[in-house]
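Undergrad: coords please:
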Amino acid sequence: MIISATNKLNRLAIPLALNLFLMFYLVVFHADSWWWLSPHDLVLTDIQVKIAQFIQFIAIANLLSQTIWYLRDKTEMISSLTVVPRLAIHITNFLIYFVFALAGLNYVFNQRLETFIAASGIFSIVVGFALRGLVSDFFCGIALAIDSNIRSGDWLLVTHKGREFKAKFIEFNWRLTCLVDGDGIGILIPNSEFSMVTVVNLTRPTTVAWYRVSLQLDTTVNEKQALTILQNAANKALNDGHVNSFPPPTARISAVSNGRITFTTSFTLPPERLSETAIHQILMNSLMFLKIADISVISLAHQTKIISQDHLASSKPVEQIELLARVRALSLLPFFFFIPPDDLMLLAQTTAVRKVSKNAEIFKKGDDAQSMFVVLEGSFQVILDDDGKQLTVANIWPGEYFGEMSLFTGAPRSATIVAQNDSTVIEIGKKTVEGLFNSHPSFANTIANIIEERMAINSKKITEENNAVQSTAKTSIGLLTSIKSFFNL
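TA: Numbering: from 1, shown residues only. The predicted model follows:
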């Protein structure tokens, strides 16, 4: 900041020193330092002095120009003041140099101003006709700079020659509109072209920009269930910090046509943040949560066709459909990756589906239990007691699981789990996995390794990393022993 301020003062010091030197030079040559107040016939005729006098005119113009730039930079540092566009400063400086140059020719060399003005007018007409494109850019730049709807630093959504892109506005110069996109790549558009394009200012009047992402489902789906799932997917993106918390993201039905329902999730971001990451996360969450709930998404490549969901349109009983959904959910768990499909089907038949109301506790810390849960729909909070205060340390989403320590070791619940909204879970009890240990002897080792990795991840969220490492190191040997002891292996 000190270096910047020094450079700005140097911009004034140099032309000021030059003016003082020229005044001193004229006094040495016995000329009046305020010679422009004298009659023309008293002006010295020495060519060197006249050149010095004319240079002093230009030096005064330069001093005024640098003073204007200095004041503009000072204004830019005060956010409450409106900054003068750079193009306006350039035009003002051009006029200052032009006026002082004409005055110097008139007072120093006794030249008539009418001659220069007439000659410059004819020259301007000829040059303007030859360079009418540049002239159009120049005057369009003036008009755009005067318009206060776009200011330096604003993020714009620009549609130019069929291409839509988001970029940060830098300035209008005498010919080009200067932009920078989210990757830091400069974009230059002629002012005459920019004045004709469609521009959406993402920064004004609000400080957030709205974005939307849509999915199409068949009309045979339960629209309330689908809305709940998509809202939950948006909430996970919010929880992960990919979208703004206010206004919060919302999922709604935006259209119904040709046997398809279009669901649209709306969310906001600061204008400077790219929307691609947020859209990617919301779509990833939506697709994963819909698949876990056994709801199919219509392929974008076949949106001209009515694609019904075969599992809903078929003659399969509801019980079999729910069983297939449980099999799909269990197959996503790392515990059961190695289990053959037939064994996984038998495993799913011994599980139970539970509905959990919003704000209900599925279990409390310290409860005795011998089961774990897999989330099908909804979400849960993991709550620990911190000196009498309820502390939320994690969130659990569809496809994730909790309570595995109680299932495999019989340990009491280590935290309280509360449903954030109406949710559906699969409960896996001790009897469900007992047969797996007999048919798959290595199952205990696999379970112990997975639980150790999960404990390390959870520990990092609650304690410092070095404590987490020490904690998991102490349990690495005893965990496998606990599992074998609990199942009498």
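Undergrad: switch to C-alpha atoms for all contacts and neighbour counts from now on
TA: Noted.
Undergrad: so where's the stretch 251-400 of the chain uncertain?
TA: Scanning the stretch 251-400 of the chain for pLDDT under 70 picks out 298-318.
Undergrad: list the contacts for the closest residue to residue 485 other than its chain neighbours?
TA: What sits nearest to residue 485 in space, not counting adjacent residues and going by C-alpha to C-alpha, 6 or more residues apart in numbering, is residue 409, at 8.0 Å. Applying C-alpha atoms under 8 Å, 6 or more residues apart in numbering to residue 409 gives the contacts 370, 479, 482, 483, 485, 486.
Undergrad: what subset of those residues is buried?
TA: Using 16 or more other C-alpha atoms under 10 Å as the burial test, those include 370, 479, 482, 483 as buried.
Undergrad: now tabulate the residues you listed in JSON lines and tack on secondary structure and distance to residue 454.
TA: Below are the buried ones among the contacts of residue 409 laid out as JSON lines (DSSP: H, G, I helix; E, B strand; the rest coil; distance: C-alpha to C-alpha, whole Å):
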{"residue": "370", "secondary structure": "coil", "distance to residue 454": "18"}
{"residue": "479", "secondary structure": "helix", "distance to residue 454": "13"}
{"residue": "482", "secondary structure": "helix", "distance to residue 454": "16"}
{"residue": "483", "secondary structure": "helix", "distance to residue 454": "16"}
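Undergrad: out of those, who's nearest residue 88?
TA: Nearest to residue 88 out of the buried ones among the contacts of residue 409 is residue 479 (C-alpha to C-alpha; 73.6 Å).
Undergrad: that closest one reaches residue 450, doesn't it?
TA: No: counting by C-alpha atoms under 8 Å, residue 450 is not a contact partner of residue 479; they are 10.8 Å apart.
Undergrad: next, count neighbours for residue 85.
TA: Residue neighbour count, defined by other C-alpha atoms under 10 Å, stands at 19 for residue 85.
Undergrad: roughly how far does the spatially closest residue to it that is not a sequence neighbour sit from residue 169?
TA: Nearest residue to residue 85, sequence neighbours excluded (C-alpha to C-alpha, 6+ apart): residue 145, at 6.1 Å. Counting by C-alpha to C-alpha, to the nearest Å, the gap from residue 145 to residue 169 is 12 Å.
Undergrad: likewise for residue 147?
TA: 14 Å.
Undergrad: quick one, which of these two is more surrounded?
TA: Neighbour count, other C-alpha under 10 Å: between residue 147 and residue 169, residue 169 has more, with 20 against 10.
Undergrad: which parts of the helix or strand hosting the more buried one are buried?
TA: Using DSSP states H and E, residue 169 sits within strand 163-172. Buried residues in strand 163-172, defined by neighbour count with 16+ other C-alpha under 10 Å: 166, 167, 168, 169, 170, 171, 172.
Undergrad: what does stretch 214-232 give?
TA: 214-219, 221, 223, 226-232.
Undergrad: which of these fall within strands?
TA: 214, 215, 216, 217, 218 (DSSP state E).
Undergrad: residues contacting the spatially closest residue to residue 379 that is not a sequence neighbour?
TA: Excluding the flanking residues, the one nearest residue 379 by C-alpha to C-alpha, 6+ apart is residue 397, at 4.8 Å. Residue 397 makes contact with 236, 375, 377, 378, 379, 380, according to C-alpha under 8 Å, 6+ apart.
Undergrad: which of those residues fall within helices?
TA: residue 236 (DSSP state H).
Undergrad: now the two most distant members of the contacts of residue 397.
TA: That would be 236 and 375, which, of these, are the farthest apart (C-alpha to C-alpha) at 13.7 Å.
Undergrad: re earlier: from the ones in strands among the buried residues of stretch 214-232, pick the one nearest residue 93.
TA: residue 214 (51.8 Å).
Undergrad: about what we covered before: which one of the buried residues of stretch 214-232 is nearest to residue 296?
TA: residue 217 (7.1 Å).
Undergrad: correct me, but the closest one touches residue 297?
TA: Yes: under the criterion of C-alpha under 8 Å, residue 217 makes contact with residue 297 at 5.3 Å.
Undergrad: can you list the buried residues in the biggest helix by length in the chain?
TA: The residue-count maximum for a helix in the chain (DSSP H) belongs to helix 47-76. Residues of helix 47-76 classed as buried: 49-50, 52-70, 72 (neighbour count, 16+ other C-alpha under 10 Å).
Undergrad: tell me the domain ranges of this structure?
TA: 2-130, 149-201, 209-302, 318-486 (automatic domain parsing).
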